[in-house]
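Colleague: please work out how this folds:
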Amino acid sequence: MRKIISHVIISLDGVAQLDAIEGLIMKLRNTEEVLSDFFEKVAAEDAMILGRKTYQEWANYWPTSTYKRFASHVNVVPKYVVSKTLDSFPWGSYEDALPLQGDLAEAIASLKRQPGKNIGVHGSPTLVGAMLQENLIDELRLEIYPVIAGSGPRLFQERGDPHQLALVDSKVTSNGVAIMTYQANATVP
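Modeller: Model prediction:
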């Protein structure tokens, strides 16, 4: 069965919306050490799920991006958008994204039963938080940057039940980026 793999970039203080420090994050991220790990994981995915905000930001950027390393992936894989407010999901000159409608748990279970590789959830921190609370994520991959944002929306809001995760992979790059992968639905001894 396919796995749902979440990819989230956060600051050291847990901020997941990084507008104020985006330049610092991108400077640290644009190294072969960080990106090779990311692209290795992305190569094992053939679909992605996006929240509404991430979809709107990405649909305005990636279809015309000249950064082929990720654009060549994101523009061609099926994209599913979780939104209660949007009616259409255009993606430039590429195939439109698809709405993920109805009960989220049932929709995710249906996607996981389809043949294929893993399904990535990129960005979308509000959606990731909700999916974690509903046990809909199999792996949580965090890129933790050695930057203090100070304020902003955090990945883990003060809501929901406690969850224990199992660390399945970790590395710290030479520039201090910690890349942590957790199995979300694990029983930890």
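
Colleague: which elements pack onto the helix-or-strand element of the chain with minimal mean pLDDT?
Modeller: Counting by mean pLDDT, DSSP states H and E, the chain has its least confident helix or strand at helix 22-29, which shows a mean of 84. Helices and strands touching helix 22-29, as assessed by 3 or more CB pairs under 8 Å, 6 or more residues apart in numbering; DSSP states H and E, comprise strand 4-11, strand 139-145. Every C-beta, even on glycine, is put in place using the N, C-alpha and C of the backbone.

Colleague: which residues touch the last one?
Modeller: When you say that, I think you mean strand 139-145. Outside strand 139-145, the residues that touch it by CB atoms under 8 Å, 6 or more residues apart in numbering are 3-12, 24-25, 28-29, 34, 38, 41, 128, 132, 155, 165, 168, 176-184.

Colleague: one step back: okay, the helices and strands packed on helix 22-29 in a markdown table with distance to W62, mean pLDDT and mean neighbour count next?
Modeller: Below are those laid out as a markdown table (distance: least, CB to CB, whole Å; pLDDT from 0 to 100; neighbours: other CB atoms under 10 Å):
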| stretch | distance to W62 | mean pLDDT | mean neighbour count |
| --- | --- | --- | --- |
| strand 4-11 | 15 | 92 | 23 |
| strand 139-145 | 19 | 94 | 21 |
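
Colleague: output the ones you listed as CSV; include the columns distance to L86.
Modeller: Putting the helices and strands packed on helix 22-29 into CSV (distance: least, CB to CB, whole Å) gives the following:
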stretch, distance to L86
strand 4-11, 21
strand 139-145, 26
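
Colleague: mind giving me the ChimeraX select for the contacts of strand 139-145, buried ones only?
Modeller: Buried subset of the contacts of strand 139-145, written as a ChimeraX selection, criterion 16 or more other CB atoms under 10 Å:
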select :3,4,5,6,7,8,9,10,11,24,25,28,29,34,38,41,128,132,155,165,177,179,180,181,182,183,184
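
Colleague: report the buried residues of stretch 81-100.
Modeller: Buried residues in stretch 81-100 (16+ other CB under 10 Å): V81, V82, S83, F89, W91, Y94, A97, P99, L100.

Colleague: again, but for stretch 128-136
Modeller: Quick answer for stretch 128-136 (16+ other CB under 10 Å): V128, G129, A130, M131, L132, L136.
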